[in-house]
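K.L.:
Next come a sequence and a model predicted from it.
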2 protein chains.
Amino acid sequence: MSNPSALEATLAPAPIFAALGDPTRLALVGRLSDGQARSIARLSDDTHLTRQAITKHLRVLETAGLVRSVRAGRESRFALQPETFATARAYLDSVSRQWDDALARLQAFVET
Amino acid sequence: MSNPSALEATLAPAPIFAALGDPTRLALVGRLSDGQARSIARLSDDTHLTRQAITKHLRVLETAGLVRSVRAGRESRFALQPETFATARAYLDSVSRQWDDALARLQAFVET
DNA sequence: ACAATACGCAACTTTTTAGTTGCGTATTGT
DNA sequence: ACAATACGCAACTAAAAAGTTGCGTATTGT
(Lines give C-alpha, C1' and ligand atoms only; values in the text may rest on other atoms or scores of the structure.)
Protein backbone atom coordinates (compact mmCIF):
# COMPACT_ATOMS: atom_id res chain seq x y z
CA MET A 1 0.00 0.00 0.00
CA SER A 2 2.93 2.39 -0.44
CA ASN A 3 3.19 2.61 -4.22
CA PRO A 4 1.84 5.71 -5.95
CA SER A 5 -1.10 3.97 -7.59
CA ALA A 6 -2.38 2.57 -4.31
CA LEU A 7 -3.97 5.90 -3.50
CA GLU A 8 -5.70 5.98 -6.85
CA ALA A 9 -7.04 2.50 -6.28
CA THR A 10 -8.37 3.62 -2.92
CA LEU A 11 -10.09 6.57 -4.50
CA ALA A 12 -11.48 4.69 -7.48
CA PRO A 13 -14.83 3.68 -5.96
CA ALA A 14 -15.77 7.31 -5.22
CA PRO A 15 -17.95 7.70 -8.35
CA ILE A 16 -19.79 4.50 -7.48
CA PHE A 17 -20.62 5.75 -4.00
CA ALA A 18 -21.56 9.14 -5.36
CA ALA A 19 -24.03 7.49 -7.72
CA LEU A 20 -25.54 5.54 -4.83
CA GLY A 21 -25.70 8.62 -2.64
CA ASP A 22 -29.09 9.83 -3.78
CA PRO A 23 -32.47 8.55 -2.56
CA THR A 24 -34.05 8.64 -6.01
CA ARG A 25 -31.26 6.55 -7.45
CA LEU A 26 -31.32 4.16 -4.51
CA ALA A 27 -35.02 3.70 -5.15
CA LEU A 28 -34.26 2.87 -8.77
CA VAL A 29 -31.67 0.35 -7.69
CA GLY A 30 -34.24 -1.10 -5.36
CA ARG A 31 -36.70 -1.56 -8.16
CA LEU A 32 -34.08 -3.17 -10.38
CA SER A 33 -32.66 -5.44 -7.71
CA ASP A 34 -34.85 -8.32 -8.81
CA GLY A 35 -32.68 -8.66 -11.88
CA GLN A 36 -35.40 -7.64 -14.30
CA ALA A 37 -34.68 -5.04 -16.97
CA ARG A 38 -37.16 -2.16 -17.15
CA SER A 39 -37.86 0.67 -19.55
CA ILE A 40 -37.49 4.31 -18.59
CA ALA A 41 -41.24 4.77 -18.87
CA ARG A 42 -41.84 1.86 -16.53
CA LEU A 43 -39.35 3.23 -14.04
CA SER A 44 -40.91 6.68 -14.30
CA ASP A 45 -44.35 5.87 -13.05
CA ASP A 46 -44.50 5.28 -9.30
CA THR A 47 -42.67 8.54 -8.87
CA HIS A 48 -43.61 12.20 -8.83
CA LEU A 49 -40.55 13.11 -10.90
CA THR A 50 -40.62 13.64 -14.64
CA ARG A 51 -39.35 11.08 -17.10
CA GLN A 52 -36.39 13.32 -17.92
CA ALA A 53 -35.34 13.47 -14.30
CA ILE A 54 -35.46 9.69 -14.07
CA THR A 55 -33.50 9.44 -17.31
CA LYS A 56 -30.77 11.64 -15.88
CA HIS A 57 -30.56 9.53 -12.75
CA LEU A 58 -30.34 6.38 -14.82
CA ARG A 59 -27.51 7.86 -16.86
CA VAL A 60 -25.65 8.68 -13.66
CA LEU A 61 -26.04 5.09 -12.53
CA GLU A 62 -24.96 3.89 -15.95
CA THR A 63 -21.85 6.09 -16.00
CA ALA A 64 -20.89 4.68 -12.62
CA GLY A 65 -21.32 1.20 -14.04
CA LEU A 66 -24.06 0.24 -11.61
CA VAL A 67 -26.56 -0.25 -14.38
CA ARG A 68 -26.52 -1.16 -18.05
CA SER A 69 -28.96 -0.15 -20.77
CA VAL A 70 -30.06 -1.96 -23.89
CA ARG A 71 -32.18 -0.42 -26.58
CA ALA A 72 -35.10 -2.62 -27.55
CA GLY A 73 -37.23 -1.07 -30.26
CA ARG A 74 -38.50 2.26 -29.09
CA GLU A 75 -37.66 1.67 -25.49
CA SER A 76 -34.35 1.41 -23.65
CA ARG A 77 -34.27 -1.06 -20.82
CA PHE A 78 -32.09 -0.77 -17.78
CA ALA A 79 -30.78 -3.61 -15.68
CA LEU A 80 -28.49 -3.89 -12.69
CA GLN A 81 -24.82 -4.66 -13.24
CA PRO A 82 -23.90 -6.60 -10.11
CA GLU A 83 -20.14 -6.58 -10.68
CA THR A 84 -19.95 -2.91 -9.80
CA PHE A 85 -21.80 -3.49 -6.57
CA ALA A 86 -19.17 -6.09 -5.80
CA THR A 87 -16.47 -3.46 -6.31
CA ALA A 88 -18.12 -1.19 -3.77
CA ARG A 89 -18.48 -4.08 -1.36
CA ALA A 90 -14.82 -4.96 -1.78
CA TYR A 91 -13.83 -1.44 -0.83
CA LEU A 92 -15.96 -1.44 2.31
CA ASP A 93 -14.64 -4.86 3.19
CA SER A 94 -11.07 -3.66 2.90
CA VAL A 95 -11.74 -0.72 5.20
CA SER A 96 -13.39 -2.96 7.75
CA ARG A 97 -10.60 -5.47 7.51
CA GLN A 98 -7.93 -2.84 8.10
CA TRP A 99 -9.84 -1.63 11.09
CA ASP A 100 -10.23 -5.14 12.49
CA ASP A 101 -6.54 -5.85 12.00
CA ALA A 102 -5.59 -2.65 13.78
CA LEU A 103 -7.88 -3.55 16.67
CA ALA A 104 -6.37 -7.02 16.90
CA ARG A 105 -2.85 -5.58 16.99
CA LEU A 106 -3.90 -3.18 19.70
CA GLN A 107 -5.34 -5.96 21.83
CA ALA A 108 -2.24 -8.06 21.33
CA PHE A 109 -0.18 -5.11 22.50
CA VAL A 110 -2.32 -4.53 25.58
CA GLU A 111 -2.24 -8.18 26.56
CA THR A 112 1.54 -8.33 26.36
CA MET B 1 -41.09 -5.47 1.42
CA SER B 2 -44.59 -4.08 0.89
CA ASN B 3 -45.08 -2.07 4.04
CA PRO B 4 -44.67 1.70 3.86
CA SER B 5 -41.49 1.88 5.93
CA ALA B 6 -39.64 -0.64 3.78
CA LEU B 7 -38.95 2.01 1.19
CA GLU B 8 -37.55 4.31 3.84
CA ALA B 9 -35.27 1.58 5.08
CA THR B 10 -34.05 1.01 1.55
CA LEU B 11 -33.33 4.68 1.14
CA ALA B 12 -31.74 5.19 4.52
CA PRO B 13 -28.13 4.48 3.51
CA ALA B 14 -28.17 7.22 0.84
CA PRO B 15 -26.46 9.83 3.07
CA ILE B 16 -23.75 7.34 3.92
CA PHE B 17 -23.00 6.66 0.27
CA ALA B 18 -23.16 10.36 -0.52
CA ALA B 19 -20.54 11.01 2.14
CA LEU B 20 -18.31 8.32 0.66
CA GLY B 21 -18.84 9.62 -2.85
CA ASP B 22 -16.04 12.14 -2.84
CA PRO B 23 -12.35 11.41 -3.46
CA THR B 24 -11.16 13.79 -0.76
CA ARG B 25 -13.35 12.12 1.82
CA LEU B 26 -12.38 8.65 0.65
CA ALA B 27 -8.76 9.68 1.12
CA LEU B 28 -9.56 10.78 4.67
CA VAL B 29 -11.24 7.46 5.32
CA GLY B 30 -8.17 5.75 3.95
CA ARG B 31 -5.92 7.61 6.35
CA LEU B 32 -8.17 6.79 9.28
CA SER B 33 -8.68 3.15 8.40
CA ASP B 34 -5.86 2.08 10.71
CA GLY B 35 -8.11 2.87 13.64
CA GLN B 36 -5.99 5.76 14.89
CA ALA B 37 -7.63 9.06 15.75
CA ARG B 38 -6.09 12.14 14.15
CA SER B 39 -6.41 15.88 14.57
CA ILE B 40 -7.70 18.13 11.83
CA ALA B 41 -4.28 19.70 11.48
CA ARG B 42 -2.70 16.29 11.05
CA LEU B 43 -5.26 15.32 8.42
CA SER B 44 -4.76 18.64 6.65
CA ASP B 45 -1.14 18.28 5.73
CA ASP B 46 -0.54 15.82 2.91
CA THR B 47 -3.19 17.66 0.93
CA HIS B 48 -3.30 20.81 -1.16
CA LEU B 49 -6.63 21.79 0.34
CA THR B 50 -7.03 24.26 3.17
CA ARG B 51 -7.71 23.22 6.71
CA GLN B 52 -11.23 24.62 6.45
CA ALA B 53 -11.98 22.47 3.44
CA ILE B 54 -10.79 19.39 5.29
CA THR B 55 -12.85 20.42 8.30
CA LYS B 56 -15.96 20.60 6.16
CA HIS B 57 -15.32 17.17 4.70
CA LEU B 58 -14.80 15.73 8.17
CA ARG B 59 -18.09 17.22 9.31
CA VAL B 60 -19.83 15.63 6.36
CA LEU B 61 -18.36 12.27 7.31
CA GLU B 62 -19.34 12.87 10.91
CA THR B 63 -22.93 13.77 10.05
CA ALA B 64 -23.17 10.57 8.05
CA GLY B 65 -21.90 8.67 11.09
CA LEU B 66 -18.80 7.37 9.34
CA VAL B 67 -16.51 9.19 11.70
CA ARG B 68 -16.59 10.43 15.25
CA SER B 69 -14.78 13.38 16.79
CA VAL B 70 -13.50 13.95 20.29
CA ARG B 71 -12.13 17.23 21.51
CA ALA B 72 -8.80 16.83 23.28
CA GLY B 73 -7.47 20.11 24.53
CA ARG B 74 -7.05 22.47 21.63
CA GLU B 75 -7.39 19.82 19.00
CA SER B 76 -10.30 17.69 17.90
CA ARG B 77 -9.46 14.19 16.87
CA PHE B 78 -11.37 12.15 14.35
CA ALA B 79 -11.64 8.40 14.23
CA LEU B 80 -13.51 5.94 12.09
CA GLN B 81 -16.85 4.59 13.27
CA PRO B 82 -16.92 1.09 11.78
CA GLU B 83 -20.58 0.35 12.56
CA THR B 84 -21.72 2.75 9.87
CA PHE B 85 -19.52 1.05 7.32
CA ALA B 86 -21.24 -2.15 8.30
CA THR B 87 -24.60 -0.54 7.54
CA ALA B 88 -23.44 0.34 4.04
CA ARG B 89 -22.10 -3.15 3.56
CA ALA B 90 -25.37 -4.65 4.69
CA TYR B 91 -27.23 -2.65 2.07
CA LEU B 92 -24.93 -3.76 -0.74
CA ASP B 93 -25.16 -7.31 0.51
CA SER B 94 -28.94 -7.19 0.40
CA VAL B 95 -28.93 -5.92 -3.19
CA SER B 96 -26.50 -8.63 -4.24
CA ARG B 97 -28.51 -11.25 -2.42
CA GLN B 98 -31.73 -10.22 -4.12
CA TRP B 99 -30.00 -10.37 -7.46
CA ASP B 100 -28.53 -13.78 -6.76
CA ASP B 101 -31.90 -15.11 -5.64
CA ALA B 102 -33.54 -13.81 -8.77
CA LEU B 103 -30.88 -15.45 -10.89
CA ALA B 104 -31.34 -18.73 -9.07
CA ARG B 105 -35.09 -18.63 -9.63
CA LEU B 106 -34.54 -17.89 -13.28
CA GLN B 107 -32.24 -20.85 -13.66
CA ALA B 108 -34.65 -23.09 -11.84
CA PHE B 109 -37.35 -21.97 -14.24
CA VAL B 110 -35.20 -22.60 -17.32
CA GLU B 111 -34.20 -26.03 -16.11
CA THR B 112 -37.79 -27.05 -15.54
C1' DA C 1 3.69 36.59 29.87
C1' DC C 2 3.56 35.68 25.09
C1' DA C 3 4.18 33.48 20.73
C1' DA C 4 2.65 29.65 18.24
C1' DT C 5 -0.67 26.16 17.43
C1' DA C 6 -5.37 24.34 16.59
C1' DC C 7 -9.68 25.45 16.01
C1' DG C 8 -14.56 27.53 15.00
C1' DC C 9 -17.58 30.74 12.70
C1' DA C 10 -19.16 33.44 8.87
C1' DA C 11 -19.33 35.42 4.29
C1' DC C 12 -18.41 34.78 -0.17
C1' DT C 13 -17.53 32.73 -5.04
C1' DT C 14 -17.64 28.98 -8.26
C1' DT C 15 -19.08 24.65 -9.82
C1' DT C 16 -22.09 20.79 -9.83
C1' DT C 17 -26.42 18.59 -9.31
C1' DA C 18 -31.40 18.06 -9.50
C1' DG C 19 -35.19 19.10 -11.81
C1' DT C 20 -38.19 21.30 -15.28
C1' DT C 21 -40.09 22.51 -19.90
C1' DG C 22 -40.24 22.39 -24.84
C1' DC C 23 -39.61 20.15 -29.00
C1' DG C 24 -38.24 16.77 -32.44
C1' DT C 25 -37.87 11.82 -33.98
C1' DA C 26 -38.29 6.91 -34.14
C1' DT C 27 -41.26 2.94 -33.13
C1' DT C 28 -45.52 0.54 -32.33
C1' DG C 29 -50.48 -0.66 -32.50
C1' DT C 30 -54.90 -0.29 -34.94
C1' DA D 1 -52.07 5.90 -42.72
C1' DC D 2 -52.10 7.83 -38.27
C1' DA D 3 -52.40 8.30 -33.37
C1' DA D 4 -50.08 7.05 -29.31
C1' DT D 5 -45.97 5.68 -27.04
C1' DA D 6 -41.04 5.99 -25.77
C1' DC D 7 -37.26 8.37 -26.27
C1' DG D 8 -33.25 11.95 -26.94
C1' DC D 9 -31.47 16.58 -27.03
C1' DA D 10 -31.03 21.27 -25.42
C1' DA D 11 -31.82 25.33 -22.66
C1' DC D 12 -32.95 26.91 -18.50
C1' DT D 13 -33.65 27.62 -13.18
C1' DA D 14 -32.80 26.69 -8.49
C1' DA D 15 -30.49 24.69 -4.92
C1' DA D 16 -26.55 22.31 -2.90
C1' DA D 17 -21.61 21.35 -2.63
C1' DA D 18 -16.75 22.45 -2.69
C1' DG D 19 -13.57 25.57 -1.64
C1' DT D 20 -11.54 30.04 -0.25
C1' DT D 21 -10.43 34.05 2.83
C1' DG D 22 -10.65 36.63 7.00
C1' DC D 23 -10.97 36.89 11.75
C1' DG D 24 -11.63 35.71 16.55
C1' DT D 25 -10.73 32.54 20.57
C1' DA D 26 -9.01 28.86 23.33
C1' DT D 27 -4.95 25.99 24.42
C1' DT D 28 -0.16 24.86 24.69
C1' DG D 29 4.90 25.36 25.09
C1' DT D 30 8.83 28.24 26.58
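P.N.:
Here it is on my side, so go on.

K.L.:
all contacts plus neighbour counts: C-alpha atoms, from now on.
P.N.:
Will do.

K.L.:
And for A:L80, the neighbour number?
P.N.:
A total of 28 residues lie near A:L80 under the criterion other Cα atoms under 10 Å in any protein chain shown.

K.L.:
shouldn't A:A79 be in contact with A:S39?
P.N.:
No: look at A:A79 against A:S39 with Cα atoms under 8 Å: they stay out of range, at 9.1 Å.

K.L.:
Have a look at the two and say which one is more surrounded.
P.N.:
Comparing A:A79 with A:S39 by other Cα under 10 Å, the one with more neighbours is A:A79, at 21 against 17.

K.L.:
distance of that one from chain B?
P.N.:
Plainly put, A:A79 is 11 Å away from chain B if you go by Cα to the nearest Cα, to the nearest Å.

K.L.:
got the contact list for the closest residue to A:L11 other than its chain neighbours?
P.N.:
With sequence-adjacent residues excluded and distances taken as Cα to Cα, 6 or more residues apart in numbering or on different chains, A:L11 is closest to B:P23, at 5.4 Å. By Cα atoms under 8 Å, 6 or more residues apart in numbering or on different chains, the residues touching B:P23 are A:L11, A:A12, A:A14.

K.L.:
Out of the residues you listed, give me the one that has the most neighbours.
P.N.:
The most neighbours of any of the contacts of B:P23, using other Cα under 10 Å, belong to A:A14, which has 24 neighbours.

K.L.:
I'd like the distance between A:H57 and B:L26.
P.N.:
From A:H57 across to B:L26, the span is 23 Å (Cα to Cα, to the nearest Å).

K.L.:
More neighbours: the two, which one.
P.N.:
B:L26 (22 against 18).

K.L.:
Make sure that one is actually in contact with A:I16.
P.N.:
No: in this structure, B:L26 is not within contact of A:I16 by Cα under 8 Å, at 11.8 Å.

K.L.:
Please tabulate the contacts of B:P23 in CSV, including the columns pLDDT.
P.N.:
Shown next, in CSV, are the contacts of B:P23 (pLDDT from 0 to 100):
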residue, pLDDT
A:L11, 85
A:A12, 89
A:A14, 97
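
K.L.:
between those, which is nearest chain B?
P.N.:
Here the nearest of the contacts of B:P23 to chain B, counting by Cα to the nearest Cα, is A:A14; it sits at 4.5 Å.
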